[in-house]
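Participant: Curious how this folds, go ahead:
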Amino acid sequence: MTTEDVVRTFVEYFEERGHRRITGSTLLPPPGDPVLFTTSGMHPLIPYLQGRPHPLGRRLVNVQRCLRTTDLEEVGDPTHLTVFEMLGTWSLGDYEGPQSLDWGYDLLTEGFGIDPRLLHATVFGGDDQVGPDTASLESWQERGVPVELTVEDNWWPNGTTGPCGPDSEIFLWTGDTPPKSTPTGDDRWVEVWNHVMMRHRRLDDGSLVPLTQRNVDTGLGLERLASLLQGQTSVYGGDLFDPWRRHLPGLWQLDEPTLRLVCDQLRSAMVVIGDGVRPSNTGRGYVLRRLVRRVLTVLWRDDPSRQLVDLPDELVRHTVDHFRQAVDPHEVRGVLLDEERRFRGLIERGRQVLARPRFRGPIGEEDFHYLHDTHGLPRDLVVALRQG
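Facilitator: Next up, the predicted model:
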């Protein structure tokens, strides 16, 4: 089952059950939103989750591209990506959690052909404010799916205030042995789908009040699900990364963790550029700059002669086409090459500054601040140049 097959199966399944497909927006939130990038499928729907009528009705389904800077340090492991697509469904005051879980189970086992014996669920076990989510627990027990009760891991907040509620997560066993333990006890249980029951609103004082509109918000990572259905142990083994794995190993000799990082960060940078962001020293542009320069730092660590100009055009076209971006691939490539040129100039300037007598000994916090504020040299670059 290709990634496109997964998308089609998912969307059609929920359309047959009364959901209307909404067009996934870009990575950029609407004007006035304080966050830099869209981080989940529900982000653009917050006004409707809070009660505003949606023009397409109360049952929705979509595919939304997302970016999470919180996962940057985890990139390179088998499951995390910086830019990814989220498959999502919503009930805006319509059906409740048990219906959502029933549909989720049926789609995974019948639509995607997953062996039910490889599934495990987690459910909110209750705390001093809210009791256990017995409705979700009973739904899983009726299906014969093992359940683990947790507290913090199964409560979904939208920041410190706002809509919130218990969630139930569905995990898939990825080990080469029969399933064992529980999702919190064995990391071979990989989360594939989260169902959030938005029943409460958290106030400034930490108390909870019932929502007038009880919603269900679900999300699952497309790349992660597709790679698991394709029998891969990592998201980088899925079909979306076939062009990358076909071209990069022959271009640059990299170990597996570094290859994954380069694939992810370059691909993510291309998507961010395709959505209209350009490198800068603040905000979204700084995130983009950080992505590109992190790749270059890794590439140049072993061979300073490596250049992004050697990247095959196919990788840029493949990325832009998959994310349905109306941008010329040559423009995306040009932004990458211009940032590479700027970074090479910064490194040369950094070497000259660090050669001064003041910086021949240990570098303290005051020195790091001076190098950043006066010469534009970030801490990680200073450390890399000193180690090099």
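Participant: only C-alpha atoms for contact and neighbour calcs from this point on.
Facilitator: Will do.
Participant: what's the nearest residue to Arg351 if we skip its chain neighbours?
Facilitator: Leu385 (7.0 Å; CA to CA, 6 or more residues apart in numbering).
Participant: let me redo that: Ser40
Facilitator: Cys66 (5.7 Å).
Participant: just checking, that neighbour touches Met86?
Facilitator: Yes: the criterion here is CA atoms under 8 Å, and Cys66 meets it with Met86 at 7.0 Å.
Participant: Residues that sit against both of the two, list them.
Facilitator: Jointly contacting Cys66 and Met86 under the rule CA atoms under 8 Å, 6 or more residues apart in numbering are Ser40, Gly41.
Participant: partners of the strand or helix carrying the residue nearest to Ser40 in the sheet?
Facilitator: Taking DSSP states H and E as the definition, Cys66 sits inside strand 59-67. The strands that strand 59-67 pairs with in its sheet are strand 20-21 (parallel), strand 83-92 (antiparallel) (by DSSP bridges).
Participant: So which of the ones you listed has the densest surroundings on average?
Facilitator: Across these, averaging neighbours per residue (mean count of other CA atoms under 10 Å) puts strand 83-92 on top, at a mean of 24.
Participant: Tell me the secondary structure at Ser305.
Facilitator: Here Ser305 is coil, with the state taken from DSSP: H, G, I helix; E, B strand; the rest coil.
Participant: Strands of this structure, start to end?
Facilitator: 20-21, 59-67, 83-92, 119-124, 147-150, 155-157, 162-173, 189-202, 208-221 (DSSP state E).
Participant: can you tell me which of those comes nearest to Val35?
Facilitator: Closest to Val35 of those is strand 59-67 (CA to CA; 11.0 Å).
Participant: circling back: which pLDDT value belongs to the residue nearest to Arg351?
Facilitator: According to the prediction, Leu385 has pLDDT 83.
Participant: okay, now it: neighbour count?
Facilitator: 16 (other CA atoms under 10 Å).
Participant: Repeat that for Pro243.
Facilitator: Neighbourhood size, Pro243 [other CA under 10 Å]: 14.
Participant: For it, which non-adjacent residue is closest in space?
Facilitator: Leu315 (6.5 Å).
Participant: what's the answer for Leu81, then?
Facilitator: Leu81 sits nearest to Val75 (CA to CA, 6+ apart), 5.8 Å away.
Participant: And the one you found, how close does it get to Pro146?
Facilitator: 30 Å (CA to CA, to the nearest Å).
Participant: Looking at those two, which one has more neighbours?
Facilitator: Using other CA under 10 Å, the more surrounded residue of Val75 and Pro146 is Val75, with 20 against 15.
Participant: quick one: buried residues of the lowest-mean-pLDDT helix or strand in the chain?
Facilitator: None of the helices or strands of the chain scores lower by mean pLDDT, DSSP states H and E than helix 379-387, at a mean of 82. Going by neighbour count (16 or more other CA atoms under 10 Å), the buried part of helix 379-387 is Leu381, Val382, Leu385, Arg386.
Participant: Stretch 267-287 too?
Facilitator: Those would be 267-275, 277-279, 284-285, 287, for stretch 267-287 by 16+ other CA under 10 Å.
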